[in-house]
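[1] Just the structure for this:
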Amino acid sequence: MWLKSIICISLILAGLTWGPTPTSIKSLSGPLAGMEFVHITPGTFLMGSSPHEPEHQEHEFQHEVTLSQGFYLQTCEVTVGQWRAFAKATGYRSAAEREGWAFVFVGENWVKGEGNYWDRPGFFQTDQHPVTCVSWNDAQVFAQWASNQGIGQYRLPTEAEWEYACRAGSRTSFAFGNCLSTEQANYNGDKPMAGCRKGRFRQGTIPVGSLGANAWGLHDMHGNVLEWCEDSADWDDRSKRVITDTYKGRVKDPLCRKGTQRVGRGGGWSGHARYSRSANRGSITPNYRGSDLGFRLVMLPSFQRL
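    Reported below is the predicted structural model:
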């Protein structure tokens, strides 16, 4: 015991943290059976992209961010089966079900699909595919239900948490390098990054975890479905970049102002490779629902405030 105390003190003095490595996995049981989370340790990274990165956008302004608290992030996106269990337990009907439509991809365009919702996204799926056609508001209800199960507290990741985990220590366009193959991610392989090879266009989602994980054990951070983040987003005319709200204990931009839009990250099965870059950010209305949009959760211990 005394040895562990000495090591802990030494780590604190060195600015490091005693705790699990980013590859420790926690599997849940009961109503949340099948959900797995990997522990992400605190750290500092460069968020955004360099002006020299191909497809760089102004609102990806590069800056240093320190995450002062560790967290668990779901290894894969929430699945159709997990959503089905939630809907069955609560009787909840998503916005697409209540209003009778969701956006679906037809040809090369997004159209309002009458009768489309999470169990009818316009392409074949099983319970192992990521749930789609759910809004940010829907995701919040799911997270609250998960928190009520008494196995921890759940929420969507902040933008900073999401990008930190997506990069897994990398500084390239993607966690896998500056090119992204369709063996590494599910996106529109007809639209790769400039100078990179074309690949498959699967025209729909694939089961979560089908493709390789990044260095921290996370699957589908690039492609498959665009993922909701917790932050509100707005365009600030002074800086021409997305400004986001962040949680206490994390860096907050001094220009931050409350917005009605929410942030989507990671690109989806229908998007060009550039939309799946680690730094790419999208601003989306919280009631939007489309067949390329889903989410994954952050888990915190029950005693830790959200």
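[2] Tell me the pLDDT of Cys76.
    Looking at Cys76, its pLDDT reads 98.
[3] With Pro301 instead?
    Confidence at Pro301, expressed as pLDDT, is 68.
[4] starting at the chain centroid, how far to the helix or strand containing Val141?
    Using DSSP states H and E, Val141 sits in helix 136-147. How far helix 136-147 lies from its chain's middle: 15 Å, per CA atoms, centre = their mean, to the nearest Å.
[5] could you point out which element follows it?
    strand 153-155.
[6] Sheet-wise, list the partners of that following strand with their directions.
    Neighbouring strands of strand 153-155 in its sheet, by DSSP bridges, are strand 298-300 (antiparallel).
[7] what does the strand it pairs with contact?
    Contact with strand 298-300 is made by 26, 37, 71-74, 152-157, 161, 306, as judged by CB atoms under 8 Å, 6 or more residues apart in numbering. Glycine gets a C-beta too; all of them are placed from N, C-alpha and C.
[8] and with 6 Å instead?
    Residues outside strand 298-300 that contact it (CB atoms under 6 Å, 6 or more residues apart in numbering) are Phe37, Phe71, Tyr72, Leu73, Gly152, Gln153, Tyr154, Arg155, Pro157.
[9] Give me the secondary structure label for Phe45.
    strand (DSSP: H, G, I helix; E, B strand; the rest coil).
[10] Looking at the contacts of strand 298-300, spot the one nearest Ala185.
    Here the nearest of these to Ala185, counting by CB to CB, is Leu73; it sits at 17.3 Å.
[11] What residues are bridge-paired with the closest one?
    Using DSSP bridges, the beta-bridge partners of Leu73 come out as Val38, Val298.
[12] So what's the residue count around it?
    23 (other CB atoms under 10 Å).
[13] Likewise for Trp101?
    With other CB under 10 Å as criterion, Trp101 counts 17.
[14] tell me the pLDDT at it?
    As predicted, Trp101 sits at a pLDDT of 98.
[15] TSV for the contacts of strand 298-300, including distance to Phe174 and pLDDT?
    Output for those, formatted as TSV (distance: CB to CB, whole Å; pLDDT from 0 to 100):
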residue	distance to Phe174	pLDDT
Phe37	23	96
Phe71	22	92
Tyr72	23	95
Leu73	18	97
Gly152	30	90
Gln153	31	93
Tyr154	27	96
Arg155	26	96
Pro157	18	95
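[16] what about the strands in the stretch 151-300 of the chain?
    153-155, 226-236, 241-244, 261-265, 281-284, 293-294, 298-300 (DSSP state E, counting those that start in this stretch).
[17] Now the last one: buried residues?
    The reference is to strand 298-300. With burial defined by 16 or more other CB atoms under 10 Å, the residues of strand 298-300 counted as buried are Val298, Met299, Leu300.
[18] helix or strand for Arg84, which one?
    If you go by DSSP H and E, Arg84 is part of helix 80-90.
[19] which residues does the residue nearest to the spatial centre of the chain contact?
    In the chain, the centroid-proximal residue (CA atoms, centre = their mean) is Glu227; its distance is 4.2 Å. Taking CB under 6 Å, 6+ apart as the criterion, Glu227 is in contact with Arg265, Gly266, Phe295.
[20] how about 10 Å then?
    74, 77-78, 130, 139, 156-157, 162, 166, 220-221, 263-268, 293-296 (CB atoms under 10 Å, 6 or more residues apart in numbering).
[21] Ser278 against Cys166, yeah?
    Yes - judged on CB atoms under 10 Å, Ser278 makes contact with Cys166 at a distance of 5.0 Å.
[22] which of these two has more neighbours?
    Applying other CB under 10 Å to Ser278 and Cys166 shows that Ser278 carries more neighbours, namely 27 against 24.
[23] Now do the more buried one against Thr182, distance only.
    17 Å (CB to CB, to the nearest Å).
[24] okay, how far is it across stretch 125-141, tip to tip?
    Distance across stretch 125-141, first residue to last, is 23 Å (CA to CA, to the nearest Å).
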